[in-house]
Each structure stands twice: as structure tokens, then as C-alpha cells.
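In: Predicted model and sequence follow; I will ask about them next.
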Amino acid sequence: MATPEDKYTTETITHLRRWTDTLISFRLTRPAGFRFTAGQFARLGLQTETGEAVWRAYSMVSAVWEEYLEFFSIVVPHGAFTSRLCRKTEGDTLWLDKTATGFFTLNRFPDGRDLWLLATGTGLAPYLSILQDPDVWSRFEHIVLVHSVRHTAELAYQEEIAALPQHPLWAEHGHKFRYLPVVTREPAAGRLSARIPQLLASHALEEAAGLALSPAHSRLMLCGNPQMVEDTHRQLKEMGYRLSRLSAPAQLAVENGW
């Protein structure tokens, strides 16, 4: 009979970073046999004070080749998982499901010229993993990362994003990359300020990127809060984009950030 230990391992928190009062990132030790494809997620678990097991799914931020696993999380007040997670410190442990899962990966798409990565909040996480795959940089001619948040302080991973084009594994393709931060709830000089669906409808996103969208050339990924995903999906459908499936490859892939 299978035991719980056959399904998960116990991993140690080696690094914690608090971006804001409600945003944290953390690294776990990575078991030797853990494999994943950039864009996939892992189930993490912890035990409550009453002995109950609580599990949540988190996309990997880290590259598939790194020795640790990094995650990016919003802290939900009184949330069964994150209210306990945010009290943990380096050296504490979490459970890690042995199998990564998810289909929010680039093998969903047929070849295209341009890759658009659209995120709100912690929906940024899988894109940071995808953007550390050297094949992505050689496969597409243009790569646009759009990260929408309410407040400027929530624009996490700024230094890491800025360093991406200079990474030695793909620096020859670094000129392909554009990063477009969006701040919707406060004035922010040099930032776009409308919600992503509106930026698509007005073509402001294309103007800011200096790149036209088209179903023939563009491949788009959406990740973030469910309302953004729903509204943006609806807007893109009106613009001629369709969900990509294994049986019917197209231009669009979606993932709710929670």
C-alpha cells in the first residue's frame, strides 16, 4: 500500500523574500528526481495546528536546470495556506508533491514569430521560468512580457527581469525582449495604466511594444487573476484568437493564477 511519503517529499525553505505585506517569494530545496517543464506547477503542502494537511498549487519561478525550486505567492488574509506560509522562516519545511503538472507550456503552440506573455500579480511566476529556457529565445523573433499590478511596489523581480537579456546562455538573442510594466491604481511615470483587456482593445499595448499583434504571427499566454484571464480571453476572441489545444493548435493559452 502506498504511503504519503510515496507521493511527496519534505523540503526545506532556504530563502524568503517579502516584496510587500501581501507578496512573498521563497526557495525550497529540490529533490534530485524532481523534473518539470517551464510553465508547470507543483503542489505544496503544510500541516495546520490541528494536524490537517493543506495543499496549494504554485507555478515554478526557477529555471528547469536550477538546483532549487522558487515560488511567488500572494498572502491571503486568514487563508488556510498562505497565512501559515508567511509565518515560516528559513529552515522551516514544506511538503512537495513528487510530480509537477500543468499544460501552460510552450509546446501548446505551433511555431510563430512573436511571443506575448501577459500577467497580473503572481501570474508572473511561470513566465520567469519560461524566460530561462534558452530554446524560447531562439524560437521567437520577439518576446514581450507584460506585468500588470495595482501599485508600483508590486512590480516584483525587476532586477531579474532587467538582467534576462544579458544572460550568457541567450545573450545573442537579448535584443528580442521587451518588458512592459502596467500600474493601474496609482500614477506611475512611464508606465501603462489601463487593464490589459483595455490596452488590447485600444492597441496601446502594441504601440508600447512597437509590435503589431496578429493571429498569423502572435502567440499569447495569459496568467493571473481569473477576472483578467476571462476578460482578456474574451477580448482576444473578438480579435480572432483561439485557444490552442493539442488536437487543434492555435494562438492562445490561459492559466488562472489562483
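Out: On my side now, so go ahead. Numbers count the residues shown, from 1 in each chain.
In: give me the low-pLDDT residue ranges for the stretch 1-150 of the chain?
Out: Applying pLDDT under 70 to the stretch 1-150 of the chain picks out residues 1-5.
In: all strands for it, in order.
Out: Ranges of strands in the stretch 1-150 of the chain, per DSSP state E, counting those that start in this stretch, are 8-20, 23-29, 41-47, 53-59, 68-74, 93-97, 114-120, 142-149.
In: JSON lines for those, including distance to residue 239 and mean neighbour count?
Out: From N, CA and C alone the C-beta is placed, and that goes for glycine too. Listed next are the strands of the stretch 1-150 of the chain as JSON lines, based on distance: least, Cβ to Cβ, whole Å; neighbours: other Cβ atoms under 10 Å:
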{"stretch": "strand 8-20", "distance to residue 239": "33", "mean neighbour count": "15"}
{"stretch": "strand 23-29", "distance to residue 239": "31", "mean neighbour count": "21"}
{"stretch": "strand 41-47", "distance to residue 239": "28", "mean neighbour count": "19"}
{"stretch": "strand 53-59", "distance to residue 239": "26", "mean neighbour count": "18"}
{"stretch": "strand 68-74", "distance to residue 239": "29", "mean neighbour count": "21"}
{"stretch": "strand 93-97", "distance to residue 239": "37", "mean neighbour count": "20"}
{"stretch": "strand 114-120", "distance to residue 239": "12", "mean neighbour count": "25"}
{"stretch": "strand 142-149", "distance to residue 239": "15", "mean neighbour count": "24"}
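In: can you list these in TSV and add distance to residue 224?
Out: Conversion of the strands of the stretch 1-150 of the chain to TSV gives the following (distance: least, Cβ to Cβ, whole Å):
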stretch	distance to residue 224
strand 8-20	16
strand 23-29	13
strand 41-47	14
strand 53-59	11
strand 68-74	11
strand 93-97	23
strand 114-120	3
strand 142-149	7
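In: among these, which is nearest residue 129?
Out: Nearest to residue 129 among the strands of the stretch 1-150 of the chain is strand 53-59 (7.1 Å), distances taken as Cβ to Cβ.
In: Direction included, what does that closest one pair against?
Out: If you go by DSSP bridges, strand 53-59 pairs up with strand 41-47 (antiparallel).
In: out of the strands of the stretch 1-150 of the chain, nearest to residue 213?
Out: Across those, closest to residue 213 is strand 114-120 (Cβ to Cβ), at 7.2 Å.
In: Strand 142-149 and the closest one, what's the angle between them?
Out: Orientation check (axes from the mean of the first three to the mean of the last three Cα atoms, to 10 degrees): strand 114-120 against strand 142-149 gives 10 degrees.
In: Adjust the sequence numbering to begin at 869 for everything that follows.
Out: Yep, numbering from 869; the last one is strand 982-988 now.
In: Where does pLDDT dip in the stretch 1019-1126 of the chain?
Out: Along the stretch 1019-1126 of the chain, the parts satisfying pLDDT under 70 run over 1125-1126.
In: Would you map the strands across it?
Out: Using DSSP E, counting those that start in this stretch, strands in the stretch 1019-1126 of the chain cover 1045-1051, 1086-1092, 1120-1124.
In: any chance of those in CSV, plus mean neighbour count and distance to residue 912?
Out: Converted to CSV, the strands of the stretch 1019-1126 of the chain look like this (neighbours: other Cβ atoms under 10 Å; distance: least, Cβ to Cβ, whole Å):
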stretch, mean neighbour count, distance to residue 912
strand 1045-1051, 19, 28
strand 1086-1092, 25, 18
strand 1120-1124, 19, 17
